[in-house]
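sharing a model that was predicted from the sequence below.
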There are 2 protein chains.
Amino acid sequence: MFSRLSTVTTDQPRPAARRTRNRPGEGERLRAEIVQAADRLLADAGSVERLSLRGIARAVGITAPAIYAHFSTKEALLAAIVERRFAGLADTLAGAASSADEPRAVVRARARAYVRFGLEHPGIYAVLFGPAADHLGLAYSGSPGERVFALLLDPVAELMTPRGDDPLARAADLWAALHGVVALRSTQTGFPWGDLDPQVDRVVDRLLAS
Amino acid sequence: MFSRLSTVTTDQPRPAARRTRNRPGEGERLRAEIVQAADRLLADAGSVERLSLRGIARAVGITAPAIYAHFSTKEALLAAIVERRFAGLADTLAGAASSADEPRAVVRARARAYVRFGLEHPGIYAVLFGPAADHLGLAYSGSPGERVFALLLDPVAELMTPRGDDPLARAADLWAALHGVVALRSTQTGFPWGDLDPQVDRVVDRLLAS
DNA sequence: TGTACATCAGTGAACGCGCGTTCACTGATGTAC
DNA sequence: TGTACATCAGTGAACGCGCGTTCACTGATGTAC
């Protein structure tokens, strides 16, 4: 008895944290812990494929089936992370420029913030805008990602409309270019990219030129 | 005996093609068949993760271990595909513009060809320039990908150097933008992208402006 | 204040899956005599 | 021309792995009497 107990106790596996079971009525707390751990693992380790329910459970200090009390499916959990992060990114972009600024400065500030976000959290960025986004049903139409795009489109429209240029096309060009900067810099790490902000400024200024 | 033989024969599983074993001395033929099948599967099904040795074997009509006679590892097989495709892409880009054209037209033609390649073969493109390229050791430095980049860089340099602009930075901007066009159009399929060539032309012309 | 009980957060074992890779082998082919 | 043999292209069974998901359950907690 004693020896068995002490074995089990000593034998503590991977889980970093010692957990105390939530009290009845507080089960919802685990939900938050799960999302937080999953988000951190995704941010650290870079790709959705490497994110497993078992790994998340290990990080939280529970067993994998316990996740099913809060998420019916791995995809449901991913969707929760993604929604949170989309909202966070939108807030970041919105906050990157005061609305009093002139439109070109707004675009520049938001472009820098967008790219920085992508490079700082490649795993998160990939889930929001990479191939994984596709089969998560997070494509443009009607999704929270639309809100993020609107934060680029709006100031671009302020610049283009008076000029008679097509704002949607120009904002799309810009989005694509910024995405490319994030994606290629993340992947082609041996390439002599040079400093980030000057590149973003060059791209923004030229793509918005008449 | 008979029944067993006929069962085995009738019971023919997935493999599409009926194969006749190569004769001694002709084992090398299988190598080419494997690469071809793997390349096709990758081009069709879109992502490296979904490409398995067992799937390739099924497509060729052999068993998975037979692959090991020709490739010591799944990665070795991927590397063979990638090298072939890099060379093919370089040829396509080189052929997209006659060297007599003026540099701006060369860039435009190669940019269109690059983007078209990426959109027509998303699975291949992803292995060449996506996140998978990273851990395959196919990053920029010293790789065949460098040859592809040089095909953009050279005409850009012709344009920039007389002007005193930095060709490497401008070519990098362009590469990133083109990559973004490919990646986002592949992923965000619900977005109102508009026609491809006009977008590529807009991006090229503006990013090369002074 | 003390006991019986219902609740429910979380466990542990098991499922079937497809994967990359290993290993000992089979059996048709071309060759040597 | 016919037989014995070595070669070697490819097989089939098995390995251990981590995965998402299911299921019957345990046992600490708060509550009712």
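Perfect, I can see it now.

what does chain A have sitting close to DNA strand D?
By the rule CB under 7 Å from any atom of the strand, the part of chain A lying against DNA strand D is A:21, A:23-25, A:51-55, A:64-65, A:68, A:73-75. Where you see a C-beta, it was placed from the backbone N, CA and C, and this is true even at glycine.

try it again at 6 Å.
Residues of chain A lying close to DNA strand D by CB under 6 Å from any atom of the strand are A:23-24, A:52-55, A:64-65, A:68, A:73-74.

so which of these belong to helices?
Judged by DSSP state H, helices contain the following of the residues of chain A next to DNA strand D: A:53-55, A:74.

sorry, back to before: name the member of the residues of chain A next to DNA strand D with the most neighbours.
With neighbours defined as other CB atoms under 10 Å in any protein chain shown, the most crowded of the residues of chain A next to DNA strand D is residue A:53; it has 18 neighbours.

wait, what's in contact with that residue?
With contact set as CB atoms under 8 Å, 6 or more residues apart in numbering or on different chains, residue A:53 has these partners: A:64, A:67, A:74, A:77.

sorry, back to before: and the residues of chain A next to DNA strand D, which is closest to chain B?
In terms of CB to the nearest CB, no member of the residues of chain A next to DNA strand D lies closer to chain B than residue A:52, at 13.5 Å.

residues in chain A within reach of DNA strand C, list them.
Counting by CB under 6 Å from any atom of the strand, chain A comes close to DNA strand C at A:21-22, A:24-25, A:27, A:30, A:62-63, A:65-66, A:69.

write a PyMOL command that selects only the buried members of these.
A single PyMOL command selects the buried members of these (16 or more other CB atoms under 10 Å in any protein chain shown):
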select buried, chain A and resi 30+62
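
can the helix or strand hosting residue A:126 be found next to chain B?
Following DSSP states H and E, the helix or strand that holds residue A:126 is helix A:122-129. Yes: residues of helix A:122-129 contacting chain B under CB under 8 Å from any CB of the partner chain: A:126, A:129.

so which elements touch that helix?
Packing contacts for helix A:122-129, counted by 3 or more CB pairs under 8 Å, 6 or more residues apart in numbering or on different chains; DSSP states H and E, involve helix A:28-45, helix A:74-95, helix A:103-120, helix A:167-187.

helices or strands up against the first one?
If contacts are counted by 3+ CB pairs under 8 Å, 6+ apart, helix A:28-45 sits against helix A:53-60, helix A:74-95, helix A:122-129.

what is the mean pLDDT for that helix?
The average pLDDT for helix A:28-45 rounds to 94.

swap in the second one?
The predicted model assigns helix A:74-95 a mean pLDDT of 94.

that one near chain B anywhere?
No: judged by CB under 8 Å from any CB, helix A:74-95 stays clear of chain B, getting no closer than 13.4 Å.

now do the residue positioned nearest the centre of chain A against residue B:159, distance only.
The centroid of chain A falls nearest to residue A:124 when counting by CA atoms, centre = their mean (3.4 Å). Residue A:124 is 37 Å from residue B:159, where distance means CB to CB, to the nearest Å.

name the residue of chain A that lies nearest to DNA strand D.
With CB to the nearest atom of the strand, the shortest gap between chain A and DNA strand D falls at residue A:52, namely 3.1 Å.

buried stuff in stretch A:148-158?
A:148-149, A:151-157.

hang on, residue A:149 packs against residue A:174?
No: counting by CB atoms under 8 Å, residue A:174 is not a contact partner of residue A:149; they are 10.0 Å apart.

where in chain A is pLDDT low?
A:1-18, A:133-143 (pLDDT under 70).

distance between stretch A:76-93 and the chain's centre?
In terms of CA atoms, centre = their mean, to the nearest Å, the centre of stretch A:76-93 is found 6 Å from the chain centre.

ok, and what's touching it?
Stretch A:76-93 is contacted from outside by A:34-35, A:38-39, A:42, A:48, A:51, A:53, A:56, A:67, A:71, A:110, A:113-114, A:117, A:124, A:127-128, A:133, A:136, A:138, A:143-145, A:147-148, A:151-152, using CB under 8 Å, 6+ apart.

mind running it again at 6 Å?
Defining contact as CB atoms under 6 Å, 6 or more residues apart in numbering or on different chains, one finds that stretch A:76-93 is touched by A:35, A:38-39, A:71, A:110, A:113, A:117, A:124, A:127, A:144-145, A:147-148, A:151.

farthest pair in those residues?
Farthest-apart pair in those is A:71 and A:110; separation 32.3 Å (CB to CB).

sorry, back to before: surely the residue nearest to the centre of chain A touches residue A:43?
Yes: applying CB atoms under 6 Å as the test, residue A:124 and residue A:43 come out as touching, 5.3 Å apart.

what residues of stretch A:42-60 count as buried?
Within stretch A:42-60, the residues scored as buried using 16+ other CB under 10 Å are A:42-43, A:46-48, A:51, A:53, A:55-60.

revised request: answer the last question for stretch A:102-122.
For stretch A:102-122, by 16+ other CB under 10 Å, it's A:103, A:106-118, A:121-122.

just stretch A:160-174 next, same as before
Neighbour counts over stretch A:160-174 (16+ other CB under 10 Å) mark A:160, A:166-174 as buried.

just the residues contacting it, thanks.
Here stretch A:160-174 makes contact (CB under 6 Å, 6+ apart) with A:152-153, A:156-157, A:207, A:210, B:194, B:202-203.

and it, how far apart are its ends?
Chord length of stretch A:160-174, first to last residue, is 13 Å (CA to CA, to the nearest Å).

show me what contacts residue A:70?
Contacts of residue A:70 by CB under 6 Å, 6+ apart are residue A:31.

mind running it again at 8 Å?
Shown in contact with residue A:70 (CB under 8 Å, 6+ apart): A:28, A:30-31, A:34.

ok, of those, which one's closest to residue B:189?
Distance to residue B:189 across the contacts of residue A:70 (CB to CB) is lowest for residue A:34, with 30.3 Å.

residues near that closest one, how many?
Using other CB under 10 Å, residue A:34 has 24 other residues around it.

show me what contacts it?
By CB under 8 Å, 6+ apart, the residues touching residue A:34 are A:56, A:60, A:67, A:70-71, A:77.
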